[in-house]
Structures are given as structure tokens and as C-alpha cells.
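Asks: What would the 3D arrangement of this be:
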Amino acid sequence: MEKGKVFLVGAGPGNPKLITVRGKECITQCDVVVYDRLASPRLLKFLKPGAEKVYVGKLPDRHTMKQEEINRLLVDLALQGKTVTRLKGGDPTIFGRVGEEAELLQEYGVEYEIVPGITSAIAVPAYAGIPVTHRDLASSLSIVTGHESPEKLDRSIYWDKVTNATGTLIFLMGVAKIGYISEQLIRHGKSKETPVALIRWGTRVEQETLVGTLETIEAQVLAANFQPPAVIVVGEVVKQREKLQWYERQPLFGTRVLVTRARAQASELADRIEELGGEPVEYPVIEIRRTQSEETSALIGEALGHANDYDWLVFTSVNGVDYFFEWLTAFEVDIRRFHKAKIAAVGPATADKLRERGLLVDAMPARFQAEGLIDMLGPLLQPGHKVLLPRGDLARDILPQQFAAKGVEVTAVNVYETALGDPDSGDGELLELLGSGGIHMLTFTSSSTVLNLLELLRRQGVQDPVSLLKGIPTACIGPLTAQTAADEGLEVTIVPEQATLAGLIEAMTMYKREVFKAKEEAQ
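Replies: As a prediction, this is how the structure comes out:
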């Protein structure tokens, strides 16, 4: 059997977008990924279907796999002919023990590639507003392990030389030894007033920063119960944080947001959440697809066959536009056959999607929902007018009913359908986050996302999903979605004035600002 290849990849400091392009390529290509707790689980979504996942970090019921066992695991997988990505937090060459893994692979003649990553030693301080070098403050730095026992630290670190060798000192994995580290630095010449910063879970929404001096920092760590993992920065550059904080000032910093949209639609909302300092957790509870029914397909074909007859094309969603054009292609119907028809769109996103197709809308309501379309089109529709309404299978019947009451001939066709998402798409991550309080906000962009989330949680064994979600701020894109959530027993916290993604994001950030302001006033 031909041997496989092993990629020894640095996953970066925690934020999944800080992985290198090459690192992401290795994840997409591998048959097996071997990862630890410092590598973001969100990187696993880039795996190809069927790829195996092997966790070698620490679990509550299992101790960390020994390094020798990990080394052997990589060899065994490669000897089975598999392409393996060993995903390690930060950079694999900085206290990542990549040398030991590579040595055994070399011994067995297994091809390997070391893919550098962004080390937490520089990335985590940067996210706390601390550049590790500064022209006026520090022109050099040292990176030191703080994980060993004091005896080992004394054997591996020449404190008399390290203390004053560089402008900035970075200690990784040293929270438990912060008192001893501070003591040694002071003993060997550092001023007691030297600034110190500890940054926990840097680049993630849990990021927490504690600033003090060598004299005070141990007491501060104990008082705050400051836990690892954290990066320790010692030096005058720490003072830059007062002016250069940026990540922690982002509007959604500290907020992990559940995104329930269909996978194809989730990226826009997820990207915006990340831009504002939050962390999206994508759990697509719905699948949008072209209508599968042969009967419905025949009805669509018949409706499109009368393209010349329609006075209005009315689109109530972006999906309606996309799938309408798919059906035009399927039935080889030229859009120019609708030359007689004027076009209405329920809102700006739908109008923009039509504009991408070279079509400008003739009418768009002030209220971006079906009732708004009824109010706007009422005076424009005359008895005998013919309207084509491409929509989804879960659309309400209010539009065709109201138009028909005016003597308008409405042809409503379900050009797409909404199916339940895959309950196992998150590999249990969502339940773990919900159980630990790790989800800080829920978002729903349609009534079906509300109903499907509750159903998927039930299918994962949650008997009372409403209770599980209780207390989590809930953001709904509009009043109809909010009503569905309320009817199901959820406590709706956020509803934007405009039922758009932009409106939803704005409402979420306003809510976060108000909560933060209330906390400050309470203190």
C-alpha cells in the first residue's frame, strides 16, 4: 500500500480566520484531521465529506493523549495510505513539539510538510492592543515557555540573561507560575513597576485581559481567578494597550451568535458578525432547494408557458428570484417573454438580487413583508390583471388571497422548498455550547428557522428545547418571525425596525451597547 502524507499545520491563535491559506488547503484535502483544544473547531467545517476527525486534546472524561501516542497515531494513519492533517494551535514550531512528530515520520519514511501558523505570542497581544515591538519602547523580544515546574524552569531558563536580554518578554503557558516568573524577573534586575499583561483566550470572544505590574500581578491573578490558557507579556509595550485597544471595543465583542439560516445564505450574516467582533456559530436548520415534486414542476412549466400574459411579476424573497431563474433555464423560457410585466420586490435585498440579473423593480413597499406589498400594489392592480408569484412552499397565502379578492388572477408557484437541516451538522458542538452557556445570542431570519431549530434539538435528545434556550437574547428579523418565536415560548429580545439583515445587525449591536452601558452604570 502506498504511504500517505502528513501535514503538520499551525492553526493559528484561535480565531479560525487567522489560519494561513496553505493551512486551510491542507484541511480541505485531508482524509483525517488530528486536532487539539487550541485549534478552533470551526476549522473542521472545511473538511471534505467523509473525512475522519480525531481529537487528541483533553476531555472531561479522558486525559490528554500522550505525545508518544500522537506521534505513533500519525505514522499509523499515514501507513494506511491516508492524507493526514495534524492541526496544532498557534505555530507548530513554537512549543508545539512538531520536531518529535516529524522525527518519527522521517524514521518510517512518511512524507510530511510543516505548515507554519500565526503564533499566539504575537497575535494574542496584538488583539489586546499590545504590539510586541515598538520603535521607542522595544526593538526585540524573547518567547519563553512558562509551563514547566520551577525546577525545570530554572534549568531551562537563564534568568540572569533572559531578564534583560530583550525589550519584551513573552511567556506562553505560564499562568500557574506567574508568581514565580515575576519573582525571578525582579530578582534578576527587572523593576517591580514593569508592566505585565495576561491575555486569556486571545483572538476569541472569550478574550480577557488583566494588566498589572511584576509586583502586583500575582495577587491580581488570584483575586480574579484568572485561568489558563493565557499569554503573558512583560515590558513597556503593555502601556500601548491604553491607546491601541481595538478588538475588545468592537460592537459585538464577547458575543457568540447562533446563525440558523440555510448554509448557502449564512455567510453574509456570519461575516458581518465577525466584522463586528462577534463569533458566529453556523447551524443551518433549513435546507433550501429547488422544488422536487414532479406535479409542482409541471405547474411551474405551465405557468412559465404563459409568460406573455402577466401584468406583474411579484418576488417575495431572494430565494424566489434565484430559483425562478433556475426554472426559466430548465424550461428554456427567455426572460424577454415577460416584456409586458412590471416587477415588484418585497424589499431591498430582493431588489438587489433582481438588479444583478439586469432587472430593475417598478415597485417596492416601505414595509418589507407581504402586508406591505398588499398596501403598495392595491391601487396599481386592476380586476383582470394577471400576476405571477414565484415563492417557497412555506409562504403564507395572504398575497394570493388578497389579490384574488380584488379580481386579480394570481398564479402562485412554489419554485423552491424548505427542508429540515441535518441534526448532526454541528457534531454536537451546539449542544455543548448551549449546555455551558457558550451561546450568547440567537438569530432567526424566518419562522421556519425557529420551528426547525426546536425540532432539530428534539431530534438530538433535548426533551424541552425551549428551556434549554431560555435566557439567551433572541433576535428575530421581523414581526412575523418574532411572533412564531413567541408562540413557541421563546423570549424575543430584539426585533429591528426594518426586516432586513442590515436592520437585524444594527438592532443586535444596539442591544449589546445598551447591555454594556447598563453594566457600567451598575458598577
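
Asks: ranges for the helices of the stretch 151-300 of the chain?
Replies: 159-162, 178-187, 217-224, 241-244, 263-275, 294-304 (DSSP state H, counting those that start in this stretch).

Asks: Can you tell me which of the ones you listed is nearest to V211?
Replies: helix 241-244 (6.5 Å; CB to CB). To be clear about C-beta, it is placed using only N, CA and C from the backbone, and glycine gets the same treatment.

Asks: circling back to that earlier point, can I get the helices of the stretch 151-300 of the chain in CSV including mean pLDDT and mean neighbour count?
Replies: Formatted as CSV, these follow (pLDDT from 0 to 100; neighbours: other CB atoms under 10 Å):
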stretch, mean pLDDT, mean neighbour count
helix 159-162, 87, 14
helix 178-187, 94, 19
helix 217-224, 96, 16
helix 241-244, 96, 12
helix 263-275, 83, 17
helix 294-304, 94, 16
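
Asks: would JSON lines of these with distance to P41 be doable?
Replies: Below are the helices of the stretch 151-300 of the chain laid out as JSON lines (distance: least, CB to CB, whole Å):
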{"stretch": "helix 159-162", "distance to P41": "35"}
{"stretch": "helix 178-187", "distance to P41": "28"}
{"stretch": "helix 217-224", "distance to P41": "27"}
{"stretch": "helix 241-244", "distance to P41": "29"}
{"stretch": "helix 263-275", "distance to P41": "15"}
{"stretch": "helix 294-304", "distance to P41": "39"}
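
Asks: Of all the ones you listed, which one is nearest F253?
Replies: helix 263-275 (11.1 Å).

Asks: Centre of the chain to that closest one, how far?
Replies: Relative to its chain's centre, helix 263-275 lies at 8 Å (CA atoms, centre = their mean, to the nearest Å).

Asks: what does that helix rub up against?
Replies: With contacts defined as CB atoms under 8 Å, 6 or more residues apart in numbering, helix 263-275 is touched by 17, 252, 255, 257, 259, 261, 279-280, 282, 284, 287-288, 318-319, 443, 445, 501, 504-505.

Asks: In strands, which of those residues appear?
Replies: Secondary structure from DSSP state E places 257, 259, 279-280, 282, 287-288, 443 of the contacts of helix 263-275 in strands.

Asks: Show me the one in the residues you listed that has more neighbours than the rest.
Replies: T443 (26 neighbours; other CB atoms under 10 Å).

Asks: Identify the residues contacting the closest residue to G407 other than its chain neighbours.
Replies: Closest residue to G407 apart from its sequence neighbours, by CB to CB, 6 or more residues apart in numbering: P383 at 3.2 Å. Contact analysis of P383 by CB under 8 Å, 6+ apart lists 406-408.

Asks: The longest strand along the chain: partners in the sheet, and parallel or antiparallel?
Replies: Ordering each strand of the chain by length in residues (DSSP E) puts strand 409-420 first. Strands that pair with strand 409-420, judged by DSSP bridges, come out as strand 286-290 (antiparallel), strand 386-392 (parallel).

Asks: Give me the buried stretch members for it, please.
Replies: For strand 409-420, the neighbour count (16 or more other CB atoms under 10 Å) marks 409-418 as buried.

Asks: Just name the lowest-scoring one in these, pLDDT-wise.
Replies: Looking at these by pLDDT, the weakest one is T418, with 85.

Asks: M65 contacts V56, correct?
Replies: Yes: contact criterion CB atoms under 8 Å: M65 and V56 qualify, at 4.3 Å.

Asks: Who has more neighbours out of these two?
Replies: Using other CB under 10 Å as the criterion, M65 and V56 rank with V56 on top: 21 against 17.

Asks: before we move on, the earlier item: right, and the helix or strand after the longest strand of the chain?
Replies: helix 429-436 (DSSP states H and E).

Asks: helices or strands up against that next one?
Replies: Counting contacts by 3 or more CB pairs under 8 Å, 6 or more residues apart in numbering; DSSP states H and E, helix 429-436 packs against strand 279-282, helix 465-469.

Asks: What is the distance between it and the centre of its chain?
Replies: Using CA atoms, centre = their mean, the offset of helix 429-436 from its chain centre is 15 Å.

Asks: cool, and stretch 268-280?
Replies: On CA atoms, centre = their mean, the centre of stretch 268-280 falls 7 Å from that of its chain.

Asks: now swap in stretch 71-79 and tell me
Replies: Mean C-alpha position of stretch 71-79 versus that of the full chain (CA atoms, centre = their mean) differs by 31 Å.

Asks: Please list the residues outside that stretch that contact it.
Replies: Here stretch 71-79 makes contact (CB under 8 Å, 6+ apart) with 1, 3-6, 32, 34, 54, 56, 65, 84, 86, 100-101, 104-105, 108, 110.

Asks: Buried subset of the residues you listed, written for PyMOL?
Replies: A single PyMOL command selects the buried members of those (16+ other CB under 10 Å):
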select buried, resi 3+4+5+6+32+34+56+65+84+86+101+104+105+110
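
Asks: pretty sure T509 contacts L276?
Replies: Yes: if you go by CB under 8 Å, T509 and L276 touch, sitting 6.3 Å apart.

Asks: what's the single longest helix in the protein?
Replies: Once the chain is assigned using DSSP state H, the helix that runs over the most residues is helix 501-522.

Asks: Show me what that helix is packed against.
Replies: Using 3+ CB pairs under 8 Å, 6+ apart, helix 501-522 sits against helix 263-275, strand 441-444, strand 474-476, strand 492-494.

Asks: tell me the contacts of the closest residue to I477 other than its chain neighbours?
Replies: In this structure, I477 finds its nearest non-sequential neighbour in T445, 4.6 Å apart by CB to CB, 6+ apart. Applying CB under 8 Å, 6+ apart to T445 gives the contacts 260-261, 265, 269, 477, 481, 501, 504.

Asks: now with 7 Å?
Replies: When contacts are counted by CB atoms under 7 Å, 6 or more residues apart in numbering, T445 touches 261, 477, 481.

Asks: what do you get for I439?
Replies: Counted by CB under 7 Å, 6+ apart, I439 has contacts 256, 258, 281, 433, 472.

Asks: do that again at 8 Å, thanks
Replies: 256-258, 281, 430, 433, 472.

Asks: ok, back up a step: which of T509 and L276 has more neighbours?
Replies: Legend: neighbour count by other CB under 10 Å for T509 and L276, higher for T509 (20 against 17).

Asks: list the contacts for the more buried one?
Replies: 251-252, 276.

Asks: ok, of those, which one's closest to K24?
Replies: L276 (22.8 Å).

Asks: Near the residue nearest to the closest one when sequence neighbours are not counted, how many other residues are there?
Replies: The shortest distance from L276 to any non-neighbouring residue, by CB to CB, 6+ apart, is to L252 (4.2 Å). Other residues near L252 come to 25 when the count uses other CB under 10 Å.
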